[in-house]
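Participant: below is the sequence, then the predicted model.
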Amino acid sequence: MSGKRLYPPMENDRMALRRTFLYLIVLSCVVSLLLLPAITNVYQAGLDKPIEYQHDALAMLAQYKGLIETGWVTHNPNVGAPAGQNLRSLPFVDDLDYVLEKLIAATDPNPAIVLNVLFILSFPLAAGTATFVALRLGLRPATSAAIGILFAFAPYHFLRCERHIFLSIYYSVPFTFLLLYDIRSGRADIVARIRERGWGALAPSFGYVALAILCGINGIYYCLIPTVLIAGTTFVSALDTRKLSVFLSGLTFSVIMVATLGLCSVPFLTNPARHAVANTVIRKPTEVEKYGLTIAQMILPTPAHRIAALSKLRDKFDRSMLPEITNENGMAALGAAGTIGFILLLAAPFVRSLQIVFRKRMILSLVVYIALLWCTIGGLSATSTVFLPAGLLRSLNRVSIFISFCSLCALGMVADQLATMWEKRGARPLLAALAWIPIVVLGAYDQSPASFAAPNPYVRRYLSDEQFGQVIDASLPPGAMIYNIPYVPYPEGAITGLGDYDEFRPYLHTHHVRYSYGAIRETGADDWQRRLPVDVSGFVAALSKLGFRAIVLDTRYLVGSAWTLPQARALIQACHASPTVSSDANFVFIPINTLVEAPARLR
């Protein structure tokens, strides 16, 4: 006896189908938001304190603060003083993310709140789109919602976190597979439609064009990786089906994605300084292999797993790897659920029963094989440097989130088949749906690292910087310039003893002063800093002549650097001021109370 379906027949009731889709998408979004605080600490310290407060997360916070203060991210006069910071020199193309940030900032202009809310919203965004695409792929409603939630809680999401917020917002990833599936089935084969019915048949395809545009405005990786996967998969499908239109349609959507990315890149492409910055900032072609994908790192437990034994197993493996190829590719872990689905996809071409289960969805297995062939270390990754600008797609391990969605869908398809067999034996369909509840909870627990269950380790540092910023604001008039010691090139100019972008910390907590740190290197904006006098008195006099009213010294730079503690004392004396030390002793604020002329002209 066959069990009764929990959803209306798709072919007979379109409105009921759309309502079902909508209810399930909303359900997966809501559950992802409720599950997030249940298994993590994201709300523990409050929304006004960032989940991450180091490395790239500081750069993201500085960008958001600049967006709030100036209206957009391309120019920020409050860092990189005196000229200001011109981000048109760098390829920031995540325009839709910036629009979302502006909308959040309209409710509260605190950059920490903007970053936290954006990260939290990335969970329901990913869950909703994944649920929608899973439904379109033919998975059961309960299965689709479960796959959507597990996809939102992918280890990749937590490991990228706020430092790589532009990668944490991966809502567009499932659309890649909707395009591929519908091209293969004929619904999105726009070339064949036009050939058979004329240009009037193009109108129903505007939705697919919109999906391609969404991929194009979601950043370089979430545009170019789908471009290659779609072009490669449709090429193989065209050979298999002997339909050239399949490949041409895939190529059309790939072109739309790249064209959209090109439009978002206009500020960067039209900036003459981009070539100078590229010499030191844009990635080197040789790094494509270094940051490639490794299968072992995908299927092993998540780094810093909550179960101590699994965490030790992962640490042992990472220590045994060559340090040259152990880097951010450790973030490619799939989790237990994703690993099972990944193995099923690898086995599918050789197992007849899996081919029967997957049917037209075998295209997911093809995508995974193409991704592995292209992105794994020792694969064809180096060929991308021939067809793409040098280093544009350096970190090909980031294809793992695409593999994650395919793998979870494969798990869902097999689960649906098992549920069907169960129902034929008299079981109720509701039981199969309820079986996903423990799977989702355990899966989300397995996929979230232990660090997300511990108290926020950055609260004390953040509060210390907040108090320090209040002292600076109270001590200087609006528009006053502050010189950051040490001089650190931006971007990616970390020096011994300091983390990447640590010099942004005072800026994040002040409201009307300007800082020297943040001038884009190799553009001439920071050349004057390298020409400052070496002796302390001449150094202070030169800063005073340039209009700087204070110095912020990072005390961690005094350990193992050219600056020594006696020099720091001499600096304070030369400024004729009483310094203020931050409560965590990381920074010293020194007003410049001297009008001595600079001893020599800066050349």
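Facilitator: Structure received. Numbers count the residues shown, from 1 in each chain.
Participant: for the rest of this, base every contact and every neighbour count on C-alpha atoms.
Facilitator: Noted.
Participant: so where's this structure uncertain?
Facilitator: 1-13, 201, 272-285, 384-391, 496, 559-563, 594-603 (pLDDT under 70).
Participant: tell me where it has strands.
Facilitator: 75-76, 85-86, 481-485, 514-515, 548-554, 580-581, 587-591 (DSSP state E).
Participant: now the ones you listed in CSV, with mean neighbour count and distance to residue 135?
Facilitator: Below are those laid out as CSV (neighbours: other Cα atoms under 10 Å; distance: least, Cα to Cα, whole Å):
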stretch, mean neighbour count, distance to residue 135
strand 75-76, 22, 43
strand 85-86, 23, 44
strand 481-485, 23, 53
strand 514-515, 26, 51
strand 548-554, 23, 53
strand 580-581, 17, 57
strand 587-591, 23, 53
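Participant: including distance to residue 147, could those go into TSV?
Facilitator: Shown next, in TSV, are these (distance: least, Cα to Cα, whole Å):
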stretch	distance to residue 147
strand 75-76	41
strand 85-86	42
strand 481-485	48
strand 514-515	46
strand 548-554	47
strand 580-581	50
strand 587-591	47
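Participant: figure out which of the ones you listed is closest to residue 424.
Facilitator: strand 75-76 (63.8 Å; Cα to Cα).
Participant: who's in contact with the closest one?
Facilitator: Applying Cα atoms under 8 Å, 6 or more residues apart in numbering, the contact partners of strand 75-76 are 66-67, 70, 84-88.
Participant: quick one: that strand to chain centroid distance?
Facilitator: In this view, strand 75-76 has its centroid 22 Å away from the chain centroid, taken as Cα atoms, centre = their mean, to the nearest Å.
Participant: and what of stretch 454-474?
Facilitator: 25 Å.
Participant: other residues contacting it?
Facilitator: 40-41, 44-45, 49-53, 505-513, 581-584, 589.
Participant: swap the cut-off to 7 Å and go again
Facilitator: Applying Cα atoms under 7 Å, 6 or more residues apart in numbering, the external contacts of stretch 454-474 come out as 41, 45, 49, 51-53, 505-506, 509-512, 582-584.
Participant: inside helices: which ones of the contacts of strand 75-76?
Facilitator: 66-67, 70 (DSSP state H).
Participant: output the residues you listed as TSV; include the columns neighbour count.
Facilitator: Output for those, formatted as TSV (neighbours: other Cα atoms under 10 Å):
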residue	neighbour count
66	22
67	22
70	14
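Participant: reformat these as TSV; add distance to residue 79.
Facilitator: Rendered in TSV, the data for the ones in helices among the contacts of strand 75-76 read as follows (distance: Cα to Cα, whole Å):
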residue	distance to residue 79
66	9
67	12
70	12
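Participant: of those, closest to residue 399?
Facilitator: residue 67 (29.3 Å).
Participant: how far away is the closest residue to that closest one other than its chain neighbours from residue 404?
Facilitator: Nearest non-adjacent residue to residue 67, counting by Cα to Cα, 6 or more residues apart in numbering: residue 73, 4.9 Å away. Applying Cα to Cα, to the nearest Å, the value for residue 73 to residue 404 is 32 Å.
Participant: those two: who's more crowded?
Facilitator: Taking other Cα atoms under 10 Å, residue 73 and residue 404 do not tie; residue 404 has more neighbours (28 against 21).
Participant: closest to residue 323 out of the ones in helices among the contacts of strand 75-76?
Facilitator: residue 66 (36.2 Å).
Participant: please name the nearest non-neighbouring residue to the closest one.
Facilitator: residue 76 (5.6 Å).
Participant: residue 75 now?
Facilitator: residue 86 (4.6 Å).
Participant: and for residue 228?
Facilitator: The nearest residue in space to residue 228 (Cα to Cα, 6+ apart) is residue 254, at 7.6 Å.
Participant: number of nearby residues for residue 585?
Facilitator: Neighbours of residue 585 (other Cα under 10 Å): 12.
Participant: er, residue 146 actually
Facilitator: Neighbourhood size, residue 146 [other Cα under 10 Å]: 30.
Participant: do the one 10 residues further on as well
Facilitator: For residue 156, the tally of surrounding residues (other Cα under 10 Å) stands at 26.
Participant: you'd agree it is up against residue 331?
Facilitator: Yes - assessed by Cα atoms under 7 Å, residue 156 is found in contact with residue 331 at 5.5 Å.
Participant: now the contacts of strand 75-76 in CSV, with distance to residue 232?
Facilitator: What follows is the contacts of strand 75-76, written out as CSV (distance: Cα to Cα, whole Å):
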residue, distance to residue 232
66, 40
67, 38
70, 42
84, 43
85, 40
86, 37
87, 34
88, 32
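Participant: which residue lies nearest the spatial centre of the protein?
Facilitator: residue 167 (1.5 Å; Cα atoms, centre = their mean).
Participant: before we move on, back to that, these two touch, right, the residue nearest to residue 67 and residue 66?
Facilitator: Yes - counting by Cα under 7 Å, residue 73 does reach residue 66; the two are 6.0 Å apart.
Participant: okay, helices next: where are they in the stretch 201-350 of the chain?
Facilitator: 206-216, 221-241, 244-264, 266-269, 274-278, 287-290, 295-299, 308-320, 335-347 (DSSP state H, counting those that start in this stretch).
Participant: tell me which of these sits nearest to residue 544.
Facilitator: The nearest among the helices of the stretch 201-350 of the chain, by Cα to Cα, is helix 274-278 at 29.2 Å.
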